[in-house]
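**Q** My questions are about this predicted structure, shown below with the sequence.
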Amino acid sequence: MTSLPPRPDYTPSELSVLYPPSLRLIHLQVLARHGERTPVRARLQNAGVPEHWNLCHAAKRFRASVLLPEGSIPGAMRSDEVWDEGMRYSRRVETFDRNGKAVIADVGEEGGKGVCILGELTDEGRISTLALGMRLRRLYVDALGFLPEKLEKEAQIYLRSTPMQRTLESLHQVFTGLYPPTARGPGFEATFTTRNFTEENLYPNEGACKRLNDLSRQFAELAAEKWNPILAGYTSERVRKFLPDGVAVDGHPRVSGLLDTVNSSLGNGIKLPAELTDERVHGELEAAAVTEWFAGYLQNEQYRRLGAGRLLGDLKDRMVTATKEEKKGGVEQKVCLYSAHDTTLGAVLASLGCFDGRWPPYTSSIAFELFSKAPSEASSHGWLTRFFGGVKEEHYVRLRYNEKPMTLPGCAPQGKHLAGDASLCTLDAFREVVESMVPADWMGECDAGPKEASAQTGKNL
């Protein structure tokens, strides 16, 4: 499954089970993968995969912010007027021929306009991420009445993306689905937060963490030891017409790269030969890539800490802040939207022990829901305890991955979840799970040499 099939809206009976009246939703964080995109490299042209994809028509026209201080050139406007209007322009993709001569990527009827670059969000990806935002609105605004119908202030929402165009554009789409222009107050201006690549924690940042990069290479080698003999059989023979050297985790292309091209093609409706859509072939490619990219989180404490700990710590901190604001009269910033990658979602799910072993499809999402539960009137200590302030309000955390409630192993023991529903983890238990993975000194640990943890990777992948 490369693209996420839409689920029907919840029925009233389903809503009453998912959101019982005894619980009150007070905070929501949604971590989503970007939508369908083009491959990050051109591959499999001999199998009919186009070198240039004419699937980015929404991105062929832009407005740019151009600084024109008043009086700098004849007719220059004030900066705020320039910002509102912007410079309008269109984009055309250029390439080169076999002799190195510049030529237009002439695909379709517009001479390079509407042609995608590598790794770009396609029109299909824009549609799917818009649909995610619309679904969030139908659930959290229309059905539950949790989020306001209209945004009036920037402080009501937190919007965060990795510093990549496809994730930022995906976030634009999700936000617009959740709060279309008609659902924003006069003068409302959204702020989209991002970080430098070297400081990003919305994906496992191997480029900024030497130790994580070392561990990643070790697990890639172990994945190759396990999967290369398997891939050399049925899968290699089935696709040898297109890949004469066969398929290997560390081959050329790598299994992950091959899977990327196949999934990008399928997600955007590009027809592939039967050999590449063979169920067994795709299953082995996916299983090998999942082992290479995510087995480390399942087996190695340091891998979890360096690859996912900082992000999980941020998510947890926002929950704790929300509980404090609730006590002071209410949570103003009820929703946070994060736009990230497949490796982000896989790392988070695997680190928390609820990964399903499948590559996260495009536009997959994890909803982190925080609930409060007021003590019942039939409290064991009765009115006397409440009068003297001894009643503690309970808080619960639930993860829903692609609409399915997840059960965290760390919350499974009795007393660490809501009675009768193991997916509703107590906030204290969730904090305990997450805080065990938050690095005390991420940069210091990243720069340190190999530790005992590297010997604990094991080969049972």
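**A** It's in.

**Q** Contacts only, for Leu315.
**A** Shown in contact with Leu315 (C-beta atoms under 8 Å, 6 or more residues apart in numbering): 29, 31, 368, 434. Every C-beta, even on glycine, is put in place using the N, C-alpha and C of the backbone.

**Q** Repeat the analysis, applying 6 Å as the threshold.
**A** 29, 368 (C-beta atoms under 6 Å, 6 or more residues apart in numbering).

**Q** Please, which helix or strand holds it?
**A** Per DSSP states H and E, Leu315 falls inside helix 309-327.

**Q** and that helix, what's its mean pLDDT?
**A** Mean pLDDT, computed over helix 309-327, is 97.

**Q** right, and the helix or strand after it?
**A** Moving toward the C-terminus from helix 309-327, the next element (DSSP H and E) is strand 335-340.

**Q** List the pairing partners of that following strand within its sheet, with orientation.
**A** strand 24-33 (parallel), strand 157-161 (parallel) (DSSP bridges).

**Q** between the ones you listed, which gets nearest to Asp278?
**A** strand 24-33 (25.1 Å; C-beta to C-beta).

**Q** Quick one: residues in contact with whichever helix or strand comes after the closest one.
**A** Moving toward the C-terminus from strand 24-33, the next helix or strand (DSSP H and E) is strand 61-64. Contacts to strand 61-64, defined as C-beta under 6 Å, 6+ apart, come from residues 86-90.

**Q** rewinding a little: buried residues in the helix holding Leu315, which are they?
**A** Using 16 or more other C-beta atoms under 10 Å as the test for burial, helix 309-327 gives 309-316, 318-319, 322-323, 325-326.

**Q** try stretch 19-35
**A** With burial defined by 16+ other C-beta under 10 Å, the residues of stretch 19-35 counted as buried are 19, 23, 25-35.

**Q** Can you tell me which of the residues you listed is closest to Gly444?
**A** Out of those, the member with the shortest distance to Gly444 (by C-beta to C-beta) is Leu31, at 26.6 Å.

**Q** Apart from its chain neighbours, what residue comes closest to Ala248?
**A** The shortest distance from Ala248 to any non-neighbouring residue, by C-beta to C-beta, 6 or more residues apart in numbering, is to Asn228 (4.8 Å).

**Q** Three-state assignment for that neighbour, please.
**A** Using DSSP: H, G, I helix; E, B strand; the rest coil, the structure places Asn228 in helix.

**Q** now do Val249
**A** For Val249, the secondary structure call by three-state DSSP comes out as coil.

**Q** For it, the count of nearby residues, please.
**A** Other residues within reach of Val249, judged by other C-beta atoms under 10 Å, total 23.

**Q** OK, contacts around it?
**A** By C-beta under 6 Å, 6+ apart, the contact set of Val249 is 223-224, 227-228, 255, 288, 292.

**Q** which among those gets closest to Lys373?
**A** Proximity of those to Lys373 (C-beta to C-beta) peaks at Glu292, which lies at 41.5 Å.

**Q** just to revisit the earlier point, can you put the buried residues of helix 309-327 in JSON lines and add distance to Gly114?
**A** Formatted as JSON lines, the buried residues of helix 309-327 follow (distance: C-beta to C-beta, whole Å):
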{"residue": "Gly309", "distance to Gly114": "41"}
{"residue": "Arg310", "distance to Gly114": "38"}
{"residue": "Leu311", "distance to Gly114": "35"}
{"residue": "Leu312", "distance to Gly114": "39"}
{"residue": "Gly313", "distance to Gly114": "42"}
{"residue": "Asp314", "distance to Gly114": "37"}
{"residue": "Leu315", "distance to Gly114": "37"}
{"residue": "Lys316", "distance to Gly114": "43"}
{"residue": "Arg318", "distance to Gly114": "39"}
{"residue": "Met319", "distance to Gly114": "43"}
{"residue": "Ala322", "distance to Gly114": "43"}
{"residue": "Thr323", "distance to Gly114": "48"}
{"residue": "Glu325", "distance to Gly114": "46"}
{"residue": "Glu326", "distance to Gly114": "48"}
